[in-house]
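A.B. asks: sequence and predicted structure, then a few things I'm wondering about:
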Amino acid sequence: MSDTVTSPAGAGAGVQYSPAADFWKRLKKNKLAMVSLAFLLLLVFLALFAGMVAPYDPYEGNMPMSLKGPSADHLLGTDELGRDILSRIIYGTQISLRVGIIAVSIALMAGMFFGSVAGYYGGRIDNLIMRFMDIMLAFPSLLLAIAFMMVLGKGIENAIIAIAIVSVPEYARIVRGSVLSVKENEYVQAARTIGCNDGQIIFRHILPNVMAPLIVRSTLGISAAILETAALGFLGLGVQPPYAEWGTMLGSGRGYLFNAPHLVTFPGIAITLTVMAFNLFGDGLRDALDPRLRR
Amino acid sequence: MGKLLEVQNLTKYFPVKSSGPAQKRGSVKAVDGVYFFINEGETLGLVGESGCGKSTTGRLILRLLEPTAGKVLFEGRDVFGLGRKELRALRKDMQMIFQDPYASLNPRMTVGDIIAEPLKIYRAASGADLQERVQKLLGYVGLASYHARRYPHEFSGGQRQRIGIARALALNPRLIICDEPVSALDVSIQSQVLNLLKELQQEFGLTYLFIAHGLNVVKHVSSRVGVMYLGKLVELADVDDLYGKPLHPYTRALLSAVPVPDPRAKKERIILTGDVPSPVNPPPGCRFHTRCYLCGDICREKDPVFMEVGKNHFVACHMVEQE
């Protein structure tokens, strides 16, 4: 839908009007969102080129250098095995971003499917799907994720699956609610009069109009997923040592909280900044994506 | 001029959700046994108060709703008896213009995409041909070709309604159901859109079912007019007949309420008392008897038959029958 309709020669009374350029223009005005975007791009860069950027091998211990505070050699200090914390945080972005994005994508797809089917068709299907989602929502999501981890076993793939499953109901509910209100619009009826089938109506007329809350929810969801991964790691269920994962780092560093606080401070800051950046960027995205706010 | 569309005993009851299990489930009798036909090339106006079933009738004809009973015959074929594919093919011939130009256009599609969509769905055009058709359609409704790249929110109500008209025209339909197409527009814009609809009718030989609640608007565009009250058609006649010598007391009351732009014109205003009864529990007998100033005993018991009393003049009233 983002394609520009080409104008025939000689008819160009208006300026070239491309939705994508317009969207970018509005996003640029939002300073916080731009700063967040820059930070997120930096994270992506770090994740992609961790091997080149990181000053040390994140897994190579150096016992004589253990638990040293920040210094010129080790900007963020070293951990209990003498590993460079900065390098481990840089490698940690790989895991956090991957888990966040993949888990949210899976949850989003499933949520969009269940939510739009439930909202569009209503009735018994709606009841069946949504009651099941309610049952899942009745459990605290971290507890549910822990239960899934117990069944699936430890490891990063299983952490992704567990986090994706427990966040499906949230997306399903948002999608269903939006579909319910959007499908009452006259343009949905109009779509039927011009011969659209259910699939075309859902994909072309309903889903694009429920995207705004979904995008916001997804960016928030990525941060939630990063937090949950960290929580699972902290509890020793998610990513296993020696892998550098922020939550796992927090977990293994908590024993040294009093004599070497930098072990938990820096991974904590990394988590906080990343989560905040996703949230602020999500807000900016929502404002820029809604054409009704356009001037 | 043959009959393009015939509606027979069209009925739609909406079930009312009961709030408690002990409560008896009722239904809103939105449309209750409506008969009329539309000749090819003419405009049939349909008027009535809010909630009398005009829009439901329009939606039933397009089969956006499934009827409780009755038939809609388009060129003799029953719309409700069609299978999925046949219905899709038929929808090409029947289009609709919606009431609210702010709600009837998808805000995430450009105007060009909106108008091109029916053409794409029916594979009526593609590529450069498609663009050309879109430009032409924009031209028919008085918009410029560069408007195709814009989004609906960049237009005024009248322009948006023109976009809706262009979309309805895209597939070269034969019947267009206009569901209060000007009610949401400023009076100054109303006449523009009405004139546009008239011009398009002449150019393309369109047939309209024109639903409205304003008698003056309907008078301006229609060749025949039907008056609905509480889910029933109470009177149907040629436009001059209906406005010149209305027979049904409800029609008379409605017409007497139309303001005349002459302060010295003496007017006999018929004031109806009471409210429209609930369509969940319509009164027995004639539905209008609770407010009718001619009401007799028979009206309370027997539902009047919708019958032809003059040439092309149908009315459902015991009192008219007796005269």
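C.D. replies: Structure received. Numbering: from 1, shown residues only, chains lettered A, B, ... in the order given.
A.B. asks: pull the CA atoms of the least confident helix or strand in chain B by mean pLDDT into PDB?
C.D. replies: Every helix and strand in chain B was compared by mean pLDDT, DSSP states H and E; the lowest is helix B:318-322, with a mean of 78. Included here for helix B:318-322 are C-alpha records, laid out as PDB according to Å, rounded to 0.1, in the frame of the first residue of the first chain:
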ATOM      1  CA  HIS B 318     -58.000   1.400   5.000                       C
ATOM      2  CA  MET B 319     -59.400   4.900   4.900                       C
ATOM      3  CA  VAL B 320     -58.200   5.500   1.400                       C
ATOM      4  CA  GLU B 321     -59.500   2.100   0.400                       C
ATOM      5  CA  GLN B 322     -63.000   3.100   1.600                       C
END
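A.B. asks: residues making contact with that helix?
C.D. replies: B:247-249, B:286, B:294, B:296, B:298-299, B:302, B:304-305, B:307, B:309 (Cβ atoms under 8 Å, 6 or more residues apart in numbering or on different chains). Every C-beta, even on glycine, is put in place using the N, C-alpha and C of the backbone.
A.B. asks: repeat that for stretch A:168-184.
C.D. replies: With contact meaning Cβ under 8 Å, 6+ apart, stretch A:168-184 is reached by A:107-108, A:110-112, A:114-116, A:118-120, A:126, A:129-130, A:133-134, A:136-137, A:188, A:202, A:205-206, A:209-210, A:213-214, A:217-218, A:221.
A.B. asks: next step: the residues you listed restricted to helices.
C.D. replies: Residues from those lying in helices, with DSSP state H as the criterion: A:107-108, A:110-112, A:114-116, A:118-120, A:126, A:129-130, A:133-134, A:136-137, A:188, A:209-210, A:213-214, A:217-218, A:221.
A.B. asks: quick one on the thing from earlier: kindly reformat the contacts of helix B:318-322 as CSV containing neighbour count.
C.D. replies: What follows is the contacts of helix B:318-322, written out as CSV (neighbours: other Cβ atoms under 10 Å in any protein chain shown):
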residue, neighbour count
B:Leu247, 23
B:His248, 26
B:Pro249, 25
B:Cys286, 26
B:Leu294, 14
B:Gly296, 13
B:Ile298, 15
B:Cys299, 23
B:Lys302, 12
B:Pro304, 22
B:Val305, 11
B:Met307, 12
B:Val309, 15
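A.B. asks: alpha carbons only: can I get stretch A:100-110 in PDB?
C.D. replies: Only the C-alpha atoms of stretch A:100-110 are listed here, as PDB (Å, rounded to 0.1, in the frame of the first residue of the first chain):
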ATOM      1  CA  GLY A 100      13.000  -9.800  21.300                       C
ATOM      2  CA  ILE A 101      12.400  -9.500  17.600                       C
ATOM      3  CA  ILE A 102      11.800 -13.200  16.800                       C
ATOM      4  CA  ALA A 103       9.600 -13.800  19.800                       C
ATOM      5  CA  VAL A 104       7.500 -10.700  19.100                       C
ATOM      6  CA  SER A 105       7.200 -11.600  15.400                       C
ATOM      7  CA  ILE A 106       6.000 -15.100  16.200                       C
ATOM      8  CA  ALA A 107       3.600 -13.800  18.800                       C
ATOM      9  CA  LEU A 108       2.400 -11.000  16.500                       C
ATOM     10  CA  MET A 109       1.600 -13.400  13.700                       C
ATOM     11  CA  ALA A 110      -0.200 -15.800  15.900                       C
END
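A.B. asks: quick check: A:Asp57 touching A:Tyr91?
C.D. replies: No - using Cβ atoms under 8 Å, A:Asp57 is not in contact with A:Tyr91, being 9.4 Å away.
A.B. asks: and the stretch 151-295 of chain A, which of its residues are near chain B?
C.D. replies: Within the stretch 151-295 of chain A, the positions lying close to chain B (Cβ under 8 Å from any Cβ of the partner chain) are A:185-187, A:189-196, A:200, A:204-205, A:208-209, A:291-292, A:294.
A.B. asks: drop anything exposed from those residues.
C.D. replies: A:185-187, A:189-196, A:200, A:204-205, A:209, A:291 (16 or more other Cβ atoms under 10 Å in any protein chain shown).
A.B. asks: now stretch A:131-151, how far from the centre of its chain.
C.D. replies: Chain-centre distance of stretch A:131-151: 19 Å, with Cα atoms, centre = their mean, to the nearest Å.
A.B. asks: so which bits of it are buried?
C.D. replies: A:Met133, A:Met136, A:Leu137, A:Ser141, A:Leu142, A:Leu144, A:Ala145, A:Ile146, A:Phe148, A:Met149.
A.B. asks: tell me the contacts of B:Gly157?
C.D. replies: B:Pro101, B:Tyr102, B:Ala184, B:Leu185, B:Asp186, B:Ile189.
A.B. asks: which residues touch the first one?
C.D. replies: Shown in contact with B:Pro101 (Cβ under 8 Å, 6+ apart): B:Gly157, B:Gly158, B:Arg160, B:Gln161, B:Ile163, B:Gly164, B:Ala184, B:Leu185.
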